[in-house]
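A.B. asks: Give me the fold of what follows.
(one chain, ligands or ions: 1)
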Amino acid sequence: MTAATMQVSQQDFEKAQEQVKLLKKDPGNETKLKLYALFKQATEGPCNSPKPGMLDFVKKAKWDAWNSLGNLSQDNARQKYTELVSSLVSAESADPKTDASPEESRHGDYETVLVTTKNSITKIMFNRPEKKNAINHKMYREIMKALEEAGKDDSTIAVITGNGDYYSSGNDLNNFANIQPSEMEKMAKDGAVLLKEFVGHFIDFPKPLIAVVNGPAVGICVTLLGLCDIVYASDRATFHSPFSELGQSPEGCSSYLFPKIMGLAKANEILLFNKKLTAAEACAWGLVTEVFPDSTFQKEVWARLEAYASLPKNSLAVSKQLLRSMEKEKLHAVNSKECEVLQERWLSDECINAVVSFFQKKAKL
Ligand SMILES: CCCCCC/C=C/C(=O)SCCNC(=O)CCNC(=O)[C@H](O)C(C)(C)COP(=O)(O)OP(=O)(O)OC[C@H]1O[C@@H](n2cnc3c(N)ncnc32)[C@H](O)[C@@H]1OP(=O)(O)O
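C.D. replies: The predicted structure follows:
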């Protein structure tokens, strides 16, 4: 190495120390240890401090990293440090995700949901506000696709919420409309297959899944809350699963989870007798984690979620999966059974009459 390159290397070394502080993405512990060791070697020479005790994990890892550089010269250490930082900076500027300012990145190609990622949180927002976020067939499919993507992306947690004044009015009753009598059985069979797959995506979701209930929730959007890991609600939200009123029966694993969460007597009021809960009641009954005043709901909840999303991602995922693993098989069995019963219900006069009444504007919840 010539004197000239050493000189440049010293300047670059100082610049690299500045650049490392500006990295937007955490380079990971292994790389951070390498940087630490090269910096120490470059500035102090070979490792000269006493070996820390076995139980002092952090100090021991740093000491090991520095010590592993042996007699590497200070010039070489400076050079290697500078090169490592330069490779991290280039990798970051080539990656469109990290170029990402703290701005939201929007996932493309959805019509009925709005999917965005920001601050390690992927948000899946029901986006049919003019229909109170009722879930039509396309929306069932798009929610499943969004969950699949969120399960695999870089986010730490995923959030489900609604756009507009409703969280969601549940199943879009148009899913049952304009069906010829000869097609009824097929409609019911296909509906049961779709519903089973849809609920299965919630059972199997691999990361913490949080419901941010911004307004009233109806039907399947209430029952699915039992499969979420945390439920935050605005004090404007209500929770209504009027299955018997609609001639239907419970889904979303609620026939198993609701009695477990709130006790059989309270679950019966919701699932058999159509009791609509206020947010405060849903919280007292264990379905909702915490209720916030509507005026500060978004601000308080997102601040809380951003703090949660900065926790170690893999630890959260394995812990969620561990908790879910105790129940997974059972939940899939419950889901199958519920869909089987609903397939029959959809062909019943009770259900058909309820749907007809809704479209004749005779019945609203
Ligand atoms: C593959 C099938 C799987 C099935 C899974 C099983 C799922 C079960 C359930 O989810 S059961 C629950 C079903 N939901 C309902 O029965 C709610 C019906 N809606 C209402 O009662 C009311 O709309 C309301 C109380 C939610 C809101 O009332 P209001 O504030 O007065 O608003 P509007 O009624 O004027 O609604 C505006 C606009 O949206 C349409 N809409 C609202 N909800 C639904 C719905 N669930 N299905 C279809 N359409 C809905 C409503 O008709 C209005 O449309 P318009 O402006 O008239 O075109």
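A.B. asks: What residues does the closest residue to the ligand within the stretch 151-300 of the chain make contact with?
C.D. replies: When distances are taken as C-beta to the nearest ligand atom, the stretch 151-300 of the chain reaches nearest to the ligand at residue 219, 2.2 Å away. C-beta coordinates here come from the backbone N, C-alpha and C atoms, glycine included. By C-beta atoms under 8 Å, 6 or more residues apart in numbering, the contact set of residue 219 is 169-171, 240-243, 246.
A.B. asks: out of these, who's near the ligand?
C.D. replies: Intersecting these with the surroundings of the ligand, defined as C-beta under 6 Å from any ligand atom, gives 169-171, 246.
A.B. asks: would you turn these into a markdown table with secondary structure, pLDDT and neighbour count?
C.D. replies: Conversion of those to a markdown table gives the following (DSSP: H, G, I helix; E, B strand; the rest coil; pLDDT from 0 to 100; neighbours: other C-beta atoms under 10 Å):
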| residue | secondary structure | pLDDT | neighbour count |
| --- | --- | --- | --- |
| 169 | coil | 98 | 24 |
| 170 | coil | 98 | 25 |
| 171 | strand | 97 | 22 |
| 246 | coil | 95 | 24 |
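A.B. asks: Now the two most distant members of the residues you listed.
C.D. replies: Farthest apart among those by C-beta to C-beta are 169 and 246. That separation is 12.0 Å.
A.B. asks: Next, the closest residue to residue 311 other than its chain neighbours: phi, psi?
C.D. replies: The spatial neighbour of residue 311 that comes closest, neighbours along the chain excluded (C-beta to C-beta, 6 or more residues apart in numbering), is residue 156 at 6.9 Å. Note on residue 156: its backbone torsions stand at phi -90, psi -40 [degrees, to the nearest 10].
A.B. asks: still on that earlier bit, got the phi and psi for the residue of the stretch 151-300 of the chain closest to the ligand?
C.D. replies: Residue 219 adopts backbone torsions of phi 60, psi -120, taken as degrees, to the nearest 10.
A.B. asks: any idea how far it lies from residue 249?
C.D. replies: Residue 219 sits 12 Å away from residue 249, going by C-beta to C-beta, to the nearest Å.
A.B. asks: any common contacting residues for these two?
C.D. replies: By C-beta under 8 Å, 6+ apart, residue 219 and residue 249 have these common neighbours: residue 243.
A.B. asks: now the contacts of residue 219 as a markdown table including distance to residue 46?
C.D. replies: Rendered in a markdown table, the data for the contacts of residue 219 read as follows (distance: C-beta to C-beta, whole Å):
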| residue | distance to residue 46 |
| --- | --- |
| 169 | 69 |
| 170 | 68 |
| 171 | 69 |
| 240 | 70 |
| 241 | 68 |
| 242 | 74 |
| 243 | 72 |
| 246 | 76 |
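A.B. asks: Between all of those residues, which two are at the greatest distance?
C.D. replies: Put simply, by C-beta to C-beta the two of the contacts of residue 219 set farthest apart are 169 and 243, 14.3 Å from each other.
A.B. asks: for the nearest residue to residue 227 once chain neighbours are set aside, what are its contacts?
C.D. replies: Nearest residue to residue 227, sequence neighbours excluded (C-beta to C-beta, 6+ apart): residue 202, at 4.2 Å. Listed by C-beta under 8 Å, 6+ apart, the contact set of residue 202 reads 147, 209, 224, 227-228, 252.
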